[in-house]
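A.B. asks: Sequence first, predicted model second:
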Amino acid sequence: MLARRLHGIPPTVFSQMSALAMRTGAVNLGQGFPDFPGPDFVKDAAKAAIEGDLNQYAIGHGALRLRRAIAATWADQTGQEIDPEREVTVTSGATEAIFDAIQAFIGPGDELISFEPFYDSYPTSATLAGGRLVPVTLYPPDWSFDPDQLRAAFSSRTRALILNTPHNPTGKVFSRQELEVIAAICQEHDVVVITDEVYDRIVFDDAVHVPLATLPGMWERTLTINSTGKTFSMTGWKIGYAVGPASLNAALRAVHQFVTFASATPFQEAMATAFETAPQRGYYDRLRADYTRRRDLLRAALDDAGLPTLPIGGSYFLMADLAGLGFPDDASFCRFLTSEIGVAAVPPSAFYLDQARAPLLARFCFAKKDQTLRAAAERLVRLTSRITEMMSVANR
Ligand SMILES: Cc1ncc(COP(=O)(O)O)c(C=O)c1O
């Protein structure tokens, strides 16, 4: 009874691994959400909005106060003043903004270019639009790409490119030089660019997040998508947004009005407070420092367990190398790790069109309490001895 375009769309790997983690009682470092509470000042603002009876439909393209706060934040980050009326749209999570944008720019037979691995909603959103995703490989360990391969991915059917930086699942932060290459090719082919920058506040060491829209000639063709869920650790509120020129916002809004129409009013009000007061609270610096500590904790635990990690510049994920452990693929390792060691991770092959192209790695999320990361570390020390035990049983 399903429409043909839905055939072959599996449940997301995050829900599959979370279900297995729940059944087995594993520490869940799979799905990417914080297990620590979001900030009190944001929760208090939501309670006040509910008590203040801000509970009816918001303006479809976003509560004015929130759009103004987003515009002011964009100006702080980029130095560019934008019009909150026409150049900002609030959506129900970044996922909705990505979906709306892809429906707006991709039609039947059209192609959307994305670096691979990619966030798993991209190909499905392209399929639901009647188009298809064309992947361009990122190569570990630094997840670099070959500009000639990027050029070769463009065809007469290419309508848009979607770029994710800081990148899930690899933790790559695209450098200015790389962004310049991407920008030049997109301008040459005159395509729209959708950028998914939901981890823009979570960068480490000397990595610098550069919004692609700030490069010369890019504002007019770029829709920048973000998520307050990541920035303010409230993923369940699903408040996302898009910033870009009026024409691209209008296209996005044409879809948005019939997908969700408007997002939850009290949560939009609370996020307006969040953006308005975060800088004076030192919130962004603390967020970064907290994530740096969590990354260091998990990285040490994985390295000690014989799972060397790849370098990361941003996001809240670490990729660990499984080479030499004897597993045929990442999914079998992640099932083993969840059920035998009691720690859930996500197999990055889920982020590839052809899973056989995925390198042998596992993705671990460190958006977790120190206590959760320590519990995972205690379990992970058993990894090598458990693998040796299994191998000796198998060889008997
Ligand atoms: C790269 C990327 N884009 C988008 C999203 C979804 O954001 P939201 O929860 O705001 O829909 C996620 C969440 O994991 C993500 O990792």
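C.D. replies: It's in.
A.B. asks: Output the longest helix belonging to this protein.
C.D. replies: Of all the segments of type helix in the chain, defined by DSSP state H, the longest one is helix 283-304.
A.B. asks: continuing past that one, what's the next helix or strand?
C.D. replies: Under the assignment DSSP states H and E, the closest C-terminal helix or strand after helix 283-304 is strand 317-321.
A.B. asks: could you check the angle helix 283-304 makes with that following strand?
C.D. replies: With axes from the mean of the first three to the mean of the last three Cα atoms, to 10 degrees as the criterion, the two stretches strand 317-321 and helix 283-304 enclose an angle of 20 degrees.
A.B. asks: How far away from the center of its chain is stretch 182-202?
C.D. replies: Taking Cα atoms, centre = their mean, to the nearest Å, the mean C-alpha location of stretch 182-202 is offset from the chain mean by 15 Å.
A.B. asks: how about the helices in the stretch 1-150 of the chain?
C.D. replies: 13-24, 40-51, 64-78, 93-105, 121-128, 147-153 (DSSP state H, counting those that start in this stretch).
A.B. asks: Double-check Val13 against Pro348; I have them as touching.
C.D. replies: No. Between Val13 and Pro348 no contact is recorded; they are 9.2 Å apart, counting by Cβ atoms under 8 Å. For every residue, glycine as well, the C-beta is placed using N, CA and C.
A.B. asks: how near is Val343 to Ala376?
C.D. replies: Distance, Val343 to Ala376, by Cβ to Cβ, to the nearest Å: 5 Å.
A.B. asks: swap in Thr127?
C.D. replies: 35 Å.
A.B. asks: follow-up on the earlier one: who touches the longest helix of the chain?
C.D. replies: Contacting residues not belonging to helix 283-304 are listed as 29, 39, 201-204, 231, 233, 274, 277-278, 308-309, 312, 316, 318, 320, 364, 366-368, 370, 373-374, 376-377, 380-381 [Cβ atoms under 8 Å, 6 or more residues apart in numbering].
A.B. asks: Now do the same for that helix: mean pLDDT, whole number.
C.D. replies: Mean pLDDT, taken over the full extent of helix 283-304, equals 98.
A.B. asks: before we move on, what about stretch 153-171?
C.D. replies: 98.
A.B. asks: Then stretch 261-279?
C.D. replies: When pLDDT is averaged along stretch 261-279, the result is 98.
A.B. asks: Kindly export it (C-alpha atoms) in PDB.
C.D. replies: In PDB, the C-alpha atoms belonging to stretch 261-279 read as follows (Å, rounded to 0.1, in the frame of the first residue of the first chain):
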ATOM      1  CA  PHE A 261       2.900  25.700   9.400                       C
ATOM      2  CA  ALA A 262       4.300  27.000  12.700                       C
ATOM      3  CA  SER A 263       6.600  25.600  15.500                       C
ATOM      4  CA  ALA A 264       5.800  25.500  19.200                       C
ATOM      5  CA  THR A 265       5.200  29.000  20.500                       C
ATOM      6  CA  PRO A 266       6.500  28.800  24.100                       C
ATOM      7  CA  PHE A 267       9.700  27.100  22.900                       C
ATOM      8  CA  GLN A 268      10.300  29.800  20.300                       C
ATOM      9  CA  GLU A 269       9.900  32.400  23.000                       C
ATOM     10  CA  ALA A 270      12.300  30.500  25.300                       C
ATOM     11  CA  MET A 271      14.800  30.400  22.500                       C
ATOM     12  CA  ALA A 272      14.500  34.100  21.900                       C
ATOM     13  CA  THR A 273      15.500  34.600  25.600                       C
ATOM     14  CA  ALA A 274      18.300  32.100  25.000                       C
ATOM     15  CA  PHE A 275      19.800  34.000  22.100                       C
ATOM     16  CA  GLU A 276      19.200  37.400  23.700                       C
ATOM     17  CA  THR A 277      21.100  36.600  26.900                       C
ATOM     18  CA  ALA A 278      23.600  33.800  26.000                       C
ATOM     19  CA  PRO A 279      26.600  36.100  25.200                       C
END
